[in-house]
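Enquirer: Show me the folded form of this:
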Amino acid sequence: MKVVTEYLPPYQIKLEDGSLGGYSTDVITELFKITGDIPDIHILPWARAYGTARREPNVLIYSISHTSARDPLFHWIGPLKYERFYFWALKSKITKEYESLHAIKSMLIASVNENNTEQYLIDNGFKNIYKVIKGEQSLLMLEKQRIDIILSNELTLALQSQNIDYDFSTLTKLQEAKGLQNNLSIAFGFNTDPKVIERFQTAYTELVTSGKLVEIKHKWSIKDEN
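Expert: I've put the predicted structure just below:
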């Protein structure tokens, strides 16, 4: 069965032997053990992974944010982690508090193409959006002051910083992105066989009730943010 994803620490990471690991990948591995299917995993830039799951039948995608806009576009198997998102800037460049969304709309910001953060920015009237392929590019642009702010989940941003030897302590939260709280999830494209959906939803329920999902969360020190 075709599976699409991206590198996104700590959910999907490249291990020392070149294989794919991470918290979400471990969950997917256990899910497929229960269903008996064999995963054919493709690691792609997020926009390609998202587009593939939208176009092709019977394609599983993870880890994908379950937003209200995406809800009718996919069949949702189950959540991986609840996330909160924040606007971030360089501490050295912030001289006042930014308490409203309106106060930062004119700032330059980068977002991963087809990411849930990009849709949030568009929906909330941000105009100066630079599209990037992966989150680390946003950090590098911020460091070089090519943009003013970024929008990210704290855990992901901290690990992306670590991956490129970026000093995470130079960043500060401006404000929470209200309305962007959601579950990072597992889903199938809309044109998927209902029997496949039922099989995987049943398997996910087994993962939860058996305690295996909690066990994997503990292994990776994953904590929900609600």
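Enquirer: Now do the buried residues in the lengthiest strand in the chain.
Expert: The strand that spans the most residues within the chain, counting by DSSP state E, is strand 74-83. By 16 or more other CB atoms under 10 Å, the buried positions in strand 74-83 come out as 74-81, 83. Heads up, the C-betas are built off the backbone N, CA and C, glycines and all.
Enquirer: Out of the residues you listed, which comes closest to residue 161?
Expert: When these are compared for distance to residue 161 (CB to CB), residue 83 wins out at 17.0 Å.
Enquirer: So what's the residue count around the residue lying closest to that closest one once chain neighbours are set aside?
Expert: Using CB to CB, 6 or more residues apart in numbering and skipping residues adjacent in sequence, the residue nearest residue 83 is residue 153, 4.7 Å away. Neighbourhood size, residue 153 [other CB atoms under 10 Å]: 23.
Enquirer: Check whether residue 153 really touches residue 88, as I assumed.
Expert: No - between residue 153 and residue 88 there is no contact under CB atoms under 8 Å: 10.3 Å.
Enquirer: quick one: the strands in this protein?
Expert: 2-5, 13-14, 20-21, 40-43, 60-66, 74-83, 85-90, 109-112, 129-132, 149-153, 171-176, 182-189.
Enquirer: Direction included, what does the third one pair up with?
Expert: For strand 20-21, sheet partners with direction are given as strand 13-14 (antiparallel), following DSSP bridges.
Enquirer: Name the residues that touch the partner strand?
Expert: By CB atoms under 8 Å, 6 or more residues apart in numbering, the surrounding residues in contact with strand 13-14 are 7, 20-22, 25.
Enquirer: Recalculate using a threshold of 10 Å.
Expert: Contact partners of strand 13-14, identified using CB atoms under 10 Å, 6 or more residues apart in numbering, comprise 7, 19-25, 43, 159, 163, 220.
Enquirer: now those residues: which count as buried?
Expert: Buried among the contacts of strand 13-14 by 16+ other CB under 10 Å: 7, 20-25, 159, 220.
Enquirer: Now do the same contact list for the closest residue to residue 189 other than its chain neighbours.
Expert: With sequence-adjacent residues excluded and distances taken as CB to CB, 6+ apart, residue 189 is closest to residue 53, at 4.4 Å. Going by CB under 10 Å, 6+ apart, residue 53 touches 2-5, 59-62, 64, 73-74, 187-192.
Enquirer: Buried ones in the longest helix anywhere in the chain, by neighbour count?
Expert: The helix that spans the most residues within the chain, counting by DSSP state H, is helix 194-209. By neighbour count with 16+ other CB under 10 Å, helix 194-209 contains the buried residues 196-197, 199-201, 203-204, 207.
Enquirer: now, which of the residues you listed sits nearest residue 147?
Expert: Distances from residue 147 to the buried residues of helix 194-209, taken by CB to CB, are shortest for residue 204, at 37.6 Å.
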